[in-house]
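J.: quick one, what's the 3D model for this:
(2 chains)
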Amino acid sequence: MSALVLISVLGVAVLYLGIFGRKVILAPVAIIGLLAAIALLASGWHIHHPLLEGMLRFDRLATGFGIGMAAITVLVFLFGPDYYARKEWHVAEQYALMLFSLVGGLLMASYTNLLMLFLGYEVLSIPLYVLAGGKKRSLRSSEASLKYFLLGSFATAFMLMGIALLYSLTGSFDTGKLAAYMAAHAAPNMMLNFGLLFVVLGLAFKAGIVPFHFWKPDVYQGAPTLVTTFMATVVLMAAIAGFYRFIDATGMPHALATVLALLVLATLLVGNVIALRQTNFKRLMAYSSISHSGFLLLALLTDTGFAEGHGAAVGGTLLYYTFTYSLATTGLFILFTIAKRANQGAEHNGIFKGLWHAQPWLALCALALLLSLAGIPLTAGFIAKYQVFLLAIGAGWLKVMLFGVLMALLGIYYYIMVARELFAPAEQPVTFAVAPLNWAVVTLCTLAVLALGVWPHLPGL
Amino acid sequence: MALLALVLIPLIAASLLLAMRPAAATARGLALVSTLLTLAVVLWLWYTWAGTAVTAYSLDWVPAWGMRFTIGYGGIGLLMLVLTGVLFPFIIGTGYKQPVGDAALVNALLLYSQAALFGVFMAQNAFLFYIFFELSLIPIFFLLLRWGGEHKRAITIRFFLYTLLGGLALLFSIAYATLQTPAPHSADFSALAALQLPAATQQWLFWTLFLAFAIKMPIFPFHSWQPETYTMAPTQGTMVLSAIMGKMGIYGIVVFLFTIVPIGTAYWQHLVIGLSLFGAVYAAVIAFRQDDFKRLVAYSSMSHLGLMCAALFTWNAYGISGGLYQTFAHGVLMVCLFYIAGMMEQRVGGNDLARMGGLKTRMPRFALLFMLIVGNAISMPLTQSFPGEWLMFNGLWQLNPWIALAGVVLIVLGAIYMLYVYQRVLLGPDRDVAVADADGEEHFMLVPLIAIIFLVGLFPNLVLQLVDAPVQQLLNTFTSLH
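T.: Numbering: from 1, shown residues only, chains lettered A, B, ... in the order given. The predicted model follows:
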């Protein structure tokens, strides 16, 4: 709770600092504030008491997701000084908006009340609509902002409709009451099913589940890379955390589990197959993120058909998966920015050519991060996928799981195609200018991904 | 400790090569010393083998998923370790006369793959096996991608995806089987072997497991990656692939299929034998029609592996012992043949058999060495392939004399295409071209290999004693099934 307050105040403070024009100290202040918030979250590790009249509950998993999101935000902010150094935009607003968005993420990870879910969802999203349009003079950036806003509003409306339907049945926004109602009324109930479905649709939009994924490639491509990084990591973690809390609380009746299984199949298929044809790295990452959402949804699927609190293993898997995915993605987007600058703003996959000859260590880091996303053993990405496989097999979703295996194979293909570029010689000599801080963040991400791949129980979950 | 050394020596040597980037001669020297060290360790293990399975380490890794760091070896594992240890000095040695690209990088990649291969054969935990199984692929992948021949990109990617498909199927099977063990789950081979899965489960689980190994060997119809990959790969890469990595398939069949899904194996036995033998005959016929030396050897390798796989599935002492024995003989043979192909490629500037011929008078010493190796390839008595072929033939005969007929056809076809190659490479009217005869370095490679061929040919028990006890143990489990 104190972490929530701290981050909100921090956002306001950063805004004020921006007014007084001290661009240099913005990132350090925000980072120190975030580290304090992480410490506050960590100190409340074993406190499970409800907050705000039982509308929020920072249990272990919510705390874990909170720490994970704040830590990734720190990494993104560490990338900030270099990224914004050569831009004239109002930098303070960028940091502040991301901090506000993070507050929304924390709410989504800890709600026990559907109103808080809605509040968190909106607090998370509205800053993002602004951030996506951060490059004011870029048509693509404006397109991204508008598209995200329109589709996002649509999804929000669905979600609100779902919450209203559920409220009309139970007379409460409390997820515990909803679970009790569902346990007492086992017979199929159209109103209940549609209520649940609409909330799920809203959450699926934010996670980029097919067929609600259309915004992802365009927004990823159009938004400034730093914002794309934030969306691909922190926002995904928040969306998955919110999704998990909803499914774990309600357990989802069988009919809806079937719908979710179909969504998993569609997401894995579309994400991976379309990613094969992408030449723009940001779009490739968007489609790969869609495919990862598919795997995450497969893990969520195993938590259906039970009463509240069944899926501790599911929650741990989701946290591990999204956190390690975020580490790899952050590192890769920083490397992408480095390569993009070296190639006069080009964004195709070929910009990584020559990295091995110019910066061998960074090329090895990029290789490790790509292999982690692909799920090759001894990286965290492999352990993450393996956990999903174990959950799916344990819950008896064997055929969905076999389909997932095939799609994971396609995934390996397109990541390897990027990895191949790293070692190819460049057509004309390129110089990769690397800021020391960026080098450090990439190295940190790589080492973390490898360490978590070899000792998966390091986070103590 | 000796087992850990097998993984660590190549790992450290390879990392040194990568970090220091020494000149070509130093790089090759370091790599050769490292492989000779591992050879010494392997020979020591062989010499001190007491006939009982050894578990060297068993440490917890992620207990909740049954992941344990368990390494050790039984007779069959030791055979594979010996194979890897004996062949790698020759594979590194090939780089002296037939260098490809950046010596430090190439040798580092080869040594990484050696470390992973040792890991595969000493892992006693299915999960650990899988990790090494995949890791062994990655250095070879880069070797092929960087220094392969024509169309290297498309071919390498196809090869990579094929094997990864098998790998993922294997991972799925391991995850499934591990979850069936009583809690706390364990993926140790001993725990998985104690599983008694229902027959219906074994029947489908057989295929998800078999797919991985069938692709690796390869067995018809999962072979389409192999001829192109072997042809395009640099010689050293082809040697690792054909002489050792293909054997991971044979090893996997014995370790996984025969112990975890014996009922499934019994159920599909005849289908697999049929596929293997059909593939073997098919590959032998295609081999006969090849005009490219390396491609011909690639098809002959596929033909041999098909016969070995069929022999394993006969499920009698002759067949299994023969199949396992032949992994060693075939590994040595593949290194010889690909080395010879590399020699010819350097001399006439390509693998095209049409450009060869009529060279016997100009390279008499080479002709003799090649003749001895061809003798091994067609399983002449006194060479190491003869006892293997004889055992496998007996195994097939015990199962069904008609199936053994396919074995006879294979032996005849093998003799036809190998002698035909010899003829096309060396015999015929003299050509007025200047080619050098085999020089000192090449003798240094081929003479020891030929010595191994005859040593094991005369004393096949050197290898057979390793597999006797484990094969008996396997057969006992089979008889208890019926």
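
J.: lowest confidence element among the helices and strands of the chain?
T.: By default, I'm working from chain A. The helix or strand of chain A with the lowest confidence, counting by mean pLDDT, DSSP states H and E, is strand A:50-51 at a mean of 71.

J.: actually chain B
T.: strand B:54-62 (a mean of 82).

J.: so what's residue A:257 closest to, chain neighbours aside?
T.: Spatial nearest neighbour of residue A:257, excluding adjacent residues (C-beta to C-beta, 6 or more residues apart in numbering or on different chains): residue A:304 at 4.0 Å. The C-beta positions use only the backbone N, C-alpha and C, and glycine is treated the same way.

J.: what kind of secondary structure is that neighbour in?
T.: Of the three states, residue A:304 takes coil under DSSP: H, G, I helix; E, B strand; the rest coil.

J.: what separation is there between it and residue A:212?
T.: 19 Å (C-beta to C-beta, to the nearest Å).

J.: with residue B:339 instead?
T.: 58 Å.

J.: interface residues of the stretch 101-250 of chain B facing chain A?
T.: Within the stretch 101-250 of chain B, the residues that sit near chain A (C-beta under 8 Å from any C-beta of the partner chain) are B:130-131, B:134-135, B:138, B:142, B:145-146, B:153, B:157, B:160-161, B:164-165, B:168-169, B:171-172, B:175-176, B:179.

J.: now these: which count as buried?
T.: Buried subset of these (neighbour count, 16 or more other C-beta atoms under 10 Å in any protein chain shown): B:130-131, B:134-135, B:138, B:142, B:145-146, B:157, B:160-161, B:164-165, B:168-169, B:171-172, B:175-176, B:179.

J.: start and end of stretch A:223-238, how far apart?
T.: Counting by C-alpha to C-alpha, to the nearest Å, you get 19 Å between the two ends of stretch A:223-238.

J.: and the residue nearest to residue B:101 when sequence neighbours are not counted, what does it touch?
T.: Computed as C-beta to C-beta, 6+ apart, the closest residue to residue B:101 that is not its neighbour in sequence is residue B:147, at 4.9 Å. Taking C-beta atoms under 8 Å, 6 or more residues apart in numbering or on different chains, we find residue B:147 in contact with B:100, B:101, B:106, B:234, B:237.

J.: show me the two of those residues that sit farthest apart.
T.: Of all pairs drawn from those, the greatest distance, 11.3 Å, lies between B:101 and B:237 (C-beta to C-beta).

J.: now the stretch 201-350 of chain B against chain A: closest residue?
T.: residue B:208 (8.2 Å; C-beta to the nearest C-beta).

J.: correct me, but residue A:297 touches residue A:262?
T.: No. In terms of C-beta atoms under 8 Å, residue A:297 does not count as a neighbour of residue A:262; the distance is 10.6 Å.

J.: and those two? Which one has more around it.
T.: residue A:297 (25 against 12; other C-beta atoms under 10 Å in any protein chain shown).

J.: on the three-state scheme, that one is what?
T.: helix.

J.: so who does the nearest residue to it once chain neighbours are set aside touch?
T.: Nearest residue to residue A:297, sequence neighbours excluded (C-beta to C-beta, 6+ apart): residue A:264, at 5.0 Å. Contacts for residue A:264 (C-beta under 8 Å, 6+ apart) come out as A:294, A:297, A:298, A:301, A:400, A:404.

J.: test my guess that the fourth one contacts residue A:259.
T.: No. Here residue A:301 does not reach residue A:259: they are 10.2 Å apart, not a contact under C-beta under 8 Å.

J.: the more surrounded of these two?
T.: Taking other C-beta under 10 Å, residue A:301 and residue A:259 do not tie; residue A:301 has more neighbours (25 against 15).

J.: now residue 403, nearest residue through space, not along the chain?
T.: Picked chain A for this. Spatial nearest neighbour of residue A:403, excluding adjacent residues (C-beta to C-beta, 6+ apart): residue A:265 at 6.1 Å.

J.: wrong chain, I was asking about chain B
T.: That would be residue B:396: by C-beta to C-beta, 6+ apart, it lies 4.9 Å from residue B:403.

J.: give me the more crowded residue out of residue B:101 and residue B:237.
T.: Comparing residue B:101 with residue B:237 by other C-beta under 10 Å, the one with more neighbours is residue B:237, at 30 against 13.

J.: what about the residue lying closest to that one once chain neighbours are set aside, how many neighbours?
T.: Using C-beta to C-beta, 6+ apart and skipping residues adjacent in sequence, the residue nearest residue B:237 is residue B:143, 4.7 Å away. Counted with other C-beta under 10 Å, the neighbours of residue B:143 add up to 25.

J.: can you pull out the strands in the stretch 251-400 of chain B?
T.: Along the stretch 251-400 of chain B, no segments are classed as strands by DSSP state E, counting those that start in this stretch.

J.: quick revisit: tell me the strands beside the least confident helix or strand of chain A, with direction?
T.: strand A:56-57 (antiparallel) (DSSP bridges).

J.: which residues does the strand it pairs with contact?
T.: Residues contacting strand A:56-57 (C-beta under 8 Å, 6+ apart): A:1, A:48, A:49, A:50, A:51, A:107, A:110, A:111, A:112, A:113, A:116.

J.: of the residues you listed, the lowest pLDDT goes to which?
T.: Least confident entry in those, by pLDDT: residue A:48, with 63.

J.: in the helix or strand containing residue A:416, which residues are buried?
T.: Under the criterion of DSSP states H and E, residue A:416 resides in helix A:398-423. Within helix A:398-423, the residues that qualify as buried are A:400-405, A:407-423, counting by 16+ other C-beta under 10 Å.

J.: doesn't residue A:317 make contact with residue A:64?
T.: No. Judged on C-beta under 8 Å, residue A:64 makes no contact with residue A:317 at a distance of 11.7 Å.

J.: same question for stretch A:60-76, mean pLDDT?
T.: Mean predicted lDDT for stretch A:60-76 stands at 93.

J.: next one: it to chain centre, how far?
T.: 11 Å (C-alpha atoms, centre = their mean, to the nearest Å).

J.: one more: stretch B:170-190?
T.: Centroid separation for stretch B:170-190 versus its chain: 26 Å, with C-alpha atoms, centre = their mean.

J.: quick one: end-to-end length of that stretch, please.
T.: 17 Å.

J.: hmm, who's touching it?
T.: Counting by C-beta under 8 Å, 6+ apart, A:386, A:389-390, A:393-394, A:398, A:401-402, A:405, B:58, B:63-68, B:70, B:124-128, B:130, B:133, B:191-192, B:194-195, B:197, B:205, B:208-209, B:211-212, B:252, B:255-256, B:259-260 sit against stretch B:170-190.
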